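Student: Fold the following.
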Amino acid sequence: MRLTPDNPHDDWLWLEDIHGEKALEWVKKQNELTQAEFTDARTRALAEQLREALDDDDRIPFVTKAGDWLYNFWQDADHPRGLWRRTTWDSYLAGRDDTAATEWDILLDVDALAAEENIEWVFRGARLRRSDYARALIALSPDGGDAVAHREFDLPTKRFAENGFHIPAAKGSASWVDDNTLALTTDFGEDSMTESSYPATARILKRGQSLSDAQQIGEVDRSHILAAVGVDHTPGWERMVFVDAIDFYRSRVWVRPLGVGSDYTSGWQRIDVPDDVVVDIDRDLLLLRPRTDWAGATSNGTEFHVPAGALAAAKLDDFLAGAAPRVIFEPSASTSLQGWAVTQDYLVLSLMEHVQTTLRALRLDDFSDVPAPDAPANHVIGIGAVDADDPAIGNDVWLTISGFTTPTTLARGELGSTVEPQVVRTSPARFDADNLEVTQHFATSDDGTRIPYFQVAPRDLVLDGQNPVFLDGYGGFEVSRTPGYAVISGIAWLNQTTDGTGALPAGRSGVYVLANIRGGGEYGPAWHEAARRENKQRSYQDFAAVARDLSERGVGSADTIGASGGSNGGLLVGNMLTQYPELFGAISCGVPLLDMLRYTELSAGASWAAEYGDPATDDWDFIQNFSPYHLLDTDPRDEYPPVLFWTATSDDRVGPVQARKMAAKMQAKEIPDVWFFEDTQGGHSAASDNKQIAAVRALTYRFMWRALTGEDRND
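Tutor: Numbering: from 1, shown residues only. This is a model prediction of the structure:
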């Protein structure tokens, strides 16, 4: 019997009751079975090793500047929930060679707060009041999920403000308009949320007002994803911004000068561009990046063209008055724009050519090129302004450089200066990379498209197909996967060696592979568009092509290659499990989408219809072909590789129920080696502190290692 939106027969719907007694009892039993099987002496030792690395005091404390202070959020073994703290530039620099030399002013101890209030708070950020930096809106999640409470914090007394703003936990955001006014989105009660479970209205809240009395300033259709509002306090360019996020790739943006009276419903002007154009505003600079080709005309009839993935710029007021934007970057078949940063006098573009990152710096006055920092091959370089609003350091930038085997370096430099950037901090090595090398390869997908992938492996790798290979990927939402220091996979995979007791020769080290498949953003919007909706299958064909290429090159074999992915990557490896089981020896499937018939009815699933399609419409005709939960019935296979589904009860983005149902369904079919683990906290990341991260990752990596090597428990 064919399943359709009108015929949704499902024996496992009861597992969708996230906190239901019956469902949680099932989860408890599954957790006990999985932990009993995979939590051996090596798993416990690995978890401790991972936690030590994640908690190490020598990590780089990344900071953001606000006023005269540098702010940081820090978690370690003594403070697993974390400390919100600050320091001065001189003190921060003093810690370059000795981290203990930096003196930190502790503002909020989240562990102490959690103990005092008996709530497992997870810190989600702080927004400082611009007028004096004496107050902050602190976002706290009660369980690690996306819903957060916003509470006003007084920095001089280091306490939550008496009678201060306190917005109950919900999905949304809050920004300072002035000392006594907030612009916010949250759950305001009945009919105030979208079908995607996000806020549908933006409102103004005055000090002392109740949420029910807040003035509504914007609203979106309930079928859209969300309403968003923000406030820019840049001196001389103060403004409010309202966004109607129609779907994941289309939105509409309005702006309003902040000083135009107290009626916040008036004075708004729309940025009149196609809905798929990304809009960014910085001071008087308007930046526009279309996802598809944009052919437009000004009010006086002047025509212009901005190619898909290009970047165009204009003065905001000029554009609002009808002027045409100027194209300042155009992509090529191999080069894409990944992002940008704006300083006082420069615009820095982050570019990618065949998944190799470079920076390009342009003067803001004429967009002419100036020298920009660069990074070695197979590394990634990131850039951000230190404080573009501070005239003394307006062109200073933070630079981060890292690679799969190269620990992260943080430097500070000045654009337009001939002085070399100053190294501020360097993260120590967390695993032995002396015998490792990073190489880039290309596989050929079913339609002939070349698919790049990175391989991290021993220099003396034996190409006999007998190496344990961890194949990672994502392939969705135009997210680019790039090289970065792989602390967890370095310790848990690259530094592991076979002991000879299993199916593989002794002394074989793990190989890590990252596949840059279509659906991602590595080659810009076209690379993503090529594997969206009815073309989603291309993501899975690409990933399978990489697995085949690894086997053909002798790096691994079907028995020794494992696939791992989370969220959309969980859907990816779920399709490897159900469509390409013959290519893999194990599947690690984290916080996944799997039931593509009901995904829009679960948690925030409705917000992803632009990526996958809407199963309540004729889209189901193509969606069913990549719905792993249903492929078990419509396209059953004789054998499936061992699989571990892992998730979190508190995940309010994808939710835990699709992993639950998939595991239960496979077990009911008596498919062997189907394992399930669900953490009670952590939200969509499945872990809320370093101890949880270490424990969950140790479990998943040990599952994969044992499945691919054939090694038994080590007690």
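
Student: in the stretch 1-150 of the chain, which spans are helices?
Tutor: In the stretch 1-150 of the chain, the segments counted as helices under DSSP state H, counting those that start in this stretch are 21-38, 41-55, 89-94, 110-117.

Student: Burial-wise, tell me which of these comes out on top.
Tutor: helix 41-55 (a mean of 18; mean count of other C-beta atoms under 10 Å). Where you see a C-beta, it was placed from the backbone N, CA and C, and this is true even at glycine.

Student: now the angle from that one to helix 21-38?
Tutor: With axes from the mean of the first three to the mean of the last three C-alpha atoms, to 10 degrees as the criterion, the two stretches helix 41-55 and helix 21-38 enclose an angle of 100 degrees.

Student: Could you pull up phi and psi at the closest residue to His166 other than its chain neighbours?
Tutor: On the basis of C-beta to C-beta, 6 or more residues apart in numbering, the spatially nearest residue to His166 that is not a chain neighbour turns out to be Arg151, at 5.2 Å. Backbone torsions of Arg151, given as degrees, to the nearest 10, read phi -130, psi 140.

Student: ok, so what distance separates Arg151 from Leu107?
Tutor: Separation of Arg151 from Leu107 (C-beta to C-beta, to the nearest Å) stands at 13 Å.

Student: what's the answer for Ala312, then?
Tutor: Relative to Leu107, Ala312 is positioned 41 Å away (C-beta to C-beta).

Student: Show me which of those two is the more surrounded one.
Tutor: Just comparing Ala312 and Leu107: by other C-beta atoms under 10 Å the higher neighbour count belongs to Ala312, 25 against 20.

Student: So what pairs up with the more buried one in the strands?
Tutor: For Ala312, the beta-bridge partners are Leu288, Val327 (DSSP bridges).

Student: doesn't Ile328 make contact with it?
Tutor: Yes: with contacts defined as C-beta atoms under 8 Å, Ala312 counts as touching Ile328 at a distance of 6.7 Å.

Student: The residue nearest to His166: how many residues sit nearby?
Tutor: Residues lying near Arg151 (other C-beta under 10 Å) number 20.

Student: Use 542 as the first number for this chain going forward.
Tutor: With the count now opening at 542, the last piece we talked about shows up as Arg692.

Student: show me where pLDDT drops low in this structure?
Tutor: Counting by pLDDT under 70, the ranges of the chain that qualify are 542-549, 1222-1229.

Student: Could you pull out the helices in it for me?
Tutor: Taking DSSP state H as the criterion, the chain contains helices spanning 562-579, 582-596, 630-635, 651-658, 857-861, 1028-1030, 1066-1070, 1078-1093, 1109-1120, 1150-1153, 1161-1164, 1169-1175, 1198-1209, 1231-1250.

Student: want to try JSON lines for those, with distance to Asn613 as columns?
Tutor: Rendered in JSON lines, the data for the helices of the chain read as follows (distance: least, C-beta to C-beta, whole Å):
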{"stretch": "helix 562-579", "distance to Asn613": "34"}
{"stretch": "helix 582-596", "distance to Asn613": "15"}
{"stretch": "helix 630-635", "distance to Asn613": "9"}
{"stretch": "helix 651-658", "distance to Asn613": "13"}
{"stretch": "helix 857-861", "distance to Asn613": "33"}
{"stretch": "helix 1028-1030", "distance to Asn613": "19"}
{"stretch": "helix 1066-1070", "distance to Asn613": "34"}
{"stretch": "helix 1078-1093", "distance to Asn613": "37"}
{"stretch": "helix 1109-1120", "distance to Asn613": "29"}
{"stretch": "helix 1150-1153", "distance to Asn613": "34"}
{"stretch": "helix 1161-1164", "distance to Asn613": "44"}
{"stretch": "helix 1169-1175", "distance to Asn613": "41"}
{"stretch": "helix 1198-1209", "distance to Asn613": "34"}
{"stretch": "helix 1231-1250", "distance to Asn613": "16"}
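
Student: now for these, which one comes closest to Arg670?
Tutor: Closest of those to Arg670 is helix 651-658, at 20.2 Å (criterion: C-beta to C-beta).

Student: Quote the end-to-end distance of stretch 644-659.
Tutor: Between the start and the finish of stretch 644-659 there is a gap of 30 Å, counting by C-alpha to C-alpha, to the nearest Å.

Student: gap between that stretch and the chain center?
Tutor: Going by C-alpha atoms, centre = their mean, to the nearest Å, the spacing between the C-alpha centre of stretch 644-659 and its chain's C-alpha centre is 26 Å.

Student: Asp551 and Ala1209: what is the separation?
Tutor: For Asp551, the distance to Ala1209 under the criterion C-beta to C-beta works out to 12 Å.

Student: quick one: which of the two has more around it?
Tutor: Asp551 (16 against 12).

Student: show me what contacts that one?
Tutor: By C-beta atoms under 8 Å, 6 or more residues apart in numbering, the contact set of Asp551 is Arg1139, Lys1202.

Student: One more pass at 10 Å, please.
Tutor: With contacts taken as C-beta atoms under 10 Å, 6 or more residues apart in numbering, Asp551 has the following neighbours: Leu544, Glu557, Asp1136, Leu1138, Arg1139, Tyr1170, His1171, Lys1202, Lys1206.

Student: List just the nearest of these to Ser792.
Tutor: Set against Ser792, the nearest of these by C-beta to C-beta is Arg1139 (26.3 Å).

Student: What number of residues are in the vicinity of the residue nearest to Lys1077 when sequence neighbours are not counted?
Tutor: Here the nearest residue to Lys1077 in space, its sequence neighbours aside, is Phe1167; by C-beta to C-beta, 6+ apart that works out to 5.4 Å. Around Phe1167 sit 22 other residues, with neighbours defined as other C-beta under 10 Å.
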